[in-house]
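A.B. asks: show me the folded form of this:
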Amino acid sequence: MEKKANKILLGACGGITGAVNGIFGGGGGMIVVPLLTSLANKPPLVAHATAILIILPVSLASGIIYLINGYFDTELFLSVSLGVLFGGFLGAGALNKLSAGTATIIFAAVMFAAGLKMIF
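C.D. replies: From the prediction side, this is the model:
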């Protein structure tokens, strides 16, 4: 019974993640990684890698809605996409070389810096 309740809780958290991504255009990883490490007891490296794949369909769905509503800039998309693809390959390769503790510290530092940037 506990396993079923945990799956339901994770599913509900997935719904929240999708809503956050849809509203803010991203940020689901900030929710998914801590959830996967705490609720699903997954190692940090597995949580980070899984979060990327979870965010893919969520971002696609949100992106389609943004596109339909006219919130899309083709030139910006093409410019940024090239950098994101390159950075994604580098980041995924780096994650494979990092310890779980180091990945967690870097993730926390990036989230902290992003929060500070939004405040100031």
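A.B. asks: ok, residue 30 - how many residues close by?
C.D. replies: Other residues near residue 30 come to 18 when the count uses other Cβ atoms under 10 Å. Heads up, the C-betas are built off the backbone N, CA and C, glycines and all.
A.B. asks: meant to ask about residue 29
C.D. replies: Counted with other Cβ under 10 Å, the neighbours of residue 29 add up to 19.
A.B. asks: wait, doesn't it sit right on residue 53?
C.D. replies: No. The pair residue 29 / residue 53 is not scored as a contact, 10.9 Å apart, by Cβ atoms under 8 Å.
A.B. asks: the strands in this protein, which residues?
C.D. replies: Using DSSP state E, no strands are found in the chain.
A.B. asks: what stretches of it score poorly on pLDDT?
C.D. replies: Applying pLDDT under 70 to the chain flags the ranges 1, 25.
A.B. asks: any idea which residue sits dead centre in it?
C.D. replies: By Cα atoms, centre = their mean, the chain has its centre lying nearest to residue 29, at 2.4 Å.
A.B. asks: report the contact partners of the nearest residue in space to that one that is not next to it in sequence.
C.D. replies: Of all residues not flanking residue 29 in the chain, residue 51 sits nearest, at 4.7 Å (Cβ to Cβ, 6 or more residues apart in numbering). For residue 51, the contact set (Cβ atoms under 8 Å, 6 or more residues apart in numbering) comprises 28-29, 32-33, 36.
A.B. asks: ok, and the most crowded of those?
C.D. replies: residue 32 (27 neighbours).
A.B. asks: pretty sure it sits against residue 54.
C.D. replies: Yes. Applying Cβ under 8 Å, one finds residue 32 in contact with residue 54, separated by 5.5 Å.
A.B. asks: who touches both of the two?
C.D. replies: With Cβ under 8 Å, 6+ apart as the test, residue 32 and residue 54 both reach residue 17.
A.B. asks: leaving aside the residues adjacent along the chain, what's closest to residue 46?
C.D. replies: Here the residue nearest residue 46, using Cβ to Cβ, 6+ apart, is residue 36, at 7.3 Å.
A.B. asks: got the contact list for the one you found?
C.D. replies: Per Cβ under 8 Å, 6+ apart, neighbours of residue 36: 42, 46-47, 50-51.
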